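[1] Fold the following and give me the result.
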Amino acid sequence: MKVRSETYDESSLVDTIVVRIRGMMVDGEFRAGEKLQENAVAARLAVSRNTLREAFRLLTAQGLLTHIPNRGVYVTAPDEAGIIDIFRVRTALQTRALQLAYKTHPGVSLMRNAAEAGERAASLSDWKTAAKLNLEFHRAMVTICDSPRISSAFDLASAELSLVFGRLDDMASIHGPFLPLNTQITSLIDAQDNSAALTLLESYLLKSERTILGAIQRTKKEFNTGLVKFAGPY
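    Prediction:
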């Protein structure tokens, strides 16, 4: 019985560390291409190296880390095909959320707060905060499904996209055009016009996907001409 309890506790701790590391990726504390030094990360998170290695194994399986033999563990980010697939996932999850949405759901209130705060941050040119609030808006939308599994799937997709954002410089063009649309979507839900909210979301996500892919292509051109240098094993 004691062995079972210890096994459960260790598994729970590993899951917690996985969530923490993903959160650090979203917040930009770990960036695409960065090598994660095992000793330093274990000390920072106050866990054993064995626990951290298991967390690294799970994050590698999720596509967020890459282990290169004899070199170490690196933070990875999806390529163009991966980004397209992430938006497929987002579209499936978020359109379902809007189909279920009603204005008194707690998730709608969270959406409203994030949308308003995001526009305020943008008006102050605080694009780091605006980007984080934009993500919070979409995470809040997914909570309308009242499904921990759906929320977990969205969190993984968000972590991957955050690593992509970390490789791009112009956050104003990546997030700026979409922040007012967050308020519009929330207003449509408040008006009980879910159909119009859904139509707006679908065009929103398509435009967002194209914006990110375009930014990636521009960054690649700059890299190829020597204007930009990526870190890590790319």
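
[2] Give me the distance from the longest helix that the chain contains to the chain's centre.
    Looking across the chain with DSSP state H, the single longest helix is helix 194-224. On the basis of Cα atoms, centre = their mean, to the nearest Å, helix 194-224 sits 15 Å off its chain's mean C-alpha point.

[3] again, but for stretch 32-47
    The answer for stretch 32-47 is 20 Å, by Cα atoms, centre = their mean.

[4] secondary structure element for the closest residue to Glu54 other than its chain neighbours?
    Leaving aside its chain neighbours, Glu54 sits nearest to Val14 (4.8 Å; criterion: Cβ to Cβ, 6 or more residues apart in numbering). Any C-beta I mention is one placed from the backbone N, CA and C, and that applies to glycine too. In this structure, Val14 sits in helix 2-26 according to DSSP states H and E.

[5] now the strands for this structure?
    Secondary structure of the chain by DSSP state E: the strands cover 35-36, 65-68, 72-75.

[6] follow-up on the earlier one: quick one: buried residues of the helix holding Val14?
    Using 16 or more other Cβ atoms under 10 Å as the test for burial, helix 2-26 gives Val14, Ile17, Val18, Ile21, Arg22, Met24, Met25, Val26.

[7] likewise stretch 204-215?
    Under 16+ other Cβ under 10 Å, the buried positions of stretch 204-215 are Tyr204, Leu205, Ser208, Glu209, Ile212, Ala215.

[8] Could you find the residue nearest the spatial middle of this protein?
    Geometric centre of the chain, nearest residue: Ser158, 1.8 Å, by Cα atoms, centre = their mean.
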